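Student: pasting the structure only:
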Ligand code: KG4
Ligand code: ZN
């Protein structure tokens, strides 16, 4: 029997990255991301600037994705796009573009939930990367999200824990800002943490019931601590930067691992898959590896380019939905607070 070739073009524009990807039968042919450096000067994403940059980037990014995949738009089977959650102005650019292209080519349109996509990124066919078996726990950790999800099947997911204030990436970035580091500060804190003593300074972990997270108290604790220490010694930050970074990172990882331990205990699930930009952190990767020996976990970390915001993860959801015939109508709208 001849197998059908399913080509999906996927578009992601939920925050500050304009991304497009082409997938053939579950395998990525191209994965293009245009970041927006304009936000660095502001120390965070400025929604209005993000939306404008998406408008400038979307056509060249899609063209690049098709070119690198060596696929003509007339070969496409469907267009997948991020419907939400995210910044409304940003989502609208990708949504409108995807709708017009699908209409023009007269092919199906597939709406994708960004949070499901971070988790389903583990199902991209990629040599050297195993796919987690159901049920598993997905933990999405990034500058915009912190969630633990019970994944029963591709489209049967339940959020069992999430942040009640800041995302974990924000905890890294805002701590970095207090220390005078650039934005985003996560990678720099990670680098310095390797050179410092994680137990040099102690920050109390927030007390949040159950599987939810809170990071805003930690940020305030760090701010007060730095204010107090620099009053006594104006050079405190410079003299102790690596130790401070190591201690902050150690505290944040402790919070994440404690919640994963509890989630695993409550659900009896020991397969744990992470995603989102913070999964690049060397400390969290090591802590998960340690969890395999200590708690009997099996852990899954996707290829780096599929963990930060990207369109390959939108493409895999598009492909899975295509196989189920789950298509969107032309009247579909962006939804900034879309739930899993
Ligand atoms: O997934 P992502 O690229 O974008 C979204 O926020 O959706 O994640 C970016 C976040 C930033 O907060 C950044 O500081 C953090 O991921 N990050 C890291 C590391 N690399 C990126 N945090 C800690 N350690 C890292 N190595
Ligand atoms: Zn994301």
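Tutor: Received, thanks. In this text, all values refer to a predicted model and were calculated from it rather than measured experimentally. Residues are numbered from 1 along each chain as shown. Ligands and ions are numbered 1, 2, ... in the order given.
Student: residue of the stretch 201-340 of the chain with the smallest distance to ligand 1?
Tutor: residue 277 (2.1 Å; CB to the nearest ligand atom). Using the backbone N, CA and C atoms, a C-beta is placed for each residue, glycine as well.
Student: against residue 140, how distant is that residue?
Tutor: 10 Å (CB to CB, to the nearest Å).
Student: with neighbour numbers in mind, choose between these two.
Tutor: A direct count of neighbours by other CB atoms under 10 Å for residue 277 and residue 140 places residue 140 higher, at 30 against 24.
Student: list the contacts of the more buried one.
Tutor: Applying CB atoms under 8 Å, 6 or more residues apart in numbering to residue 140 gives the contacts 115, 118-119, 146-147, 149, 274-276.
Student: how about it, secondary structure?
Tutor: Taken by DSSP: H, G, I helix; E, B strand; the rest coil, the conformation at residue 140 corresponds to strand.
Student: helices or strands next to the longest helix along the chain in the packing?
Tutor: In the chain, assigned by DSSP state H, the helix with the most residues is helix 236-267. In terms of contacts (3 or more CB pairs under 8 Å, 6 or more residues apart in numbering; DSSP states H and E), helix 236-267 is packed against strand 136-141, strand 146-153, strand 156-162, helix 168-178, helix 186-193, helix 216-232, helix 282-295.
Student: tell me the angle of that helix relative to strand 146-153?
Tutor: 30 degrees (axes from the mean of the first three to the mean of the last three CA atoms, to 10 degrees).
Student: got a list of contacts for whichever helix or strand comes after helix 236-267?
Tutor: Sequence-wise, the next helix or strand downstream of helix 236-267 (DSSP states H and E) is strand 271-275. The list of residues contacting strand 271-275 from outside it, by CB under 8 Å, 6+ apart, reads 118-119, 121-122, 132-133, 135-142, 151, 260, 264, 284, 288, 291, 297-302, 306-307, 313.
Student: do strand 271-275 and ligand 1 meet at all?
Tutor: No - Strand 271-275 stays out of contact with ligand 1 when judged by CB under 6 Å from any ligand atom, the minimum separation being 8.2 Å.
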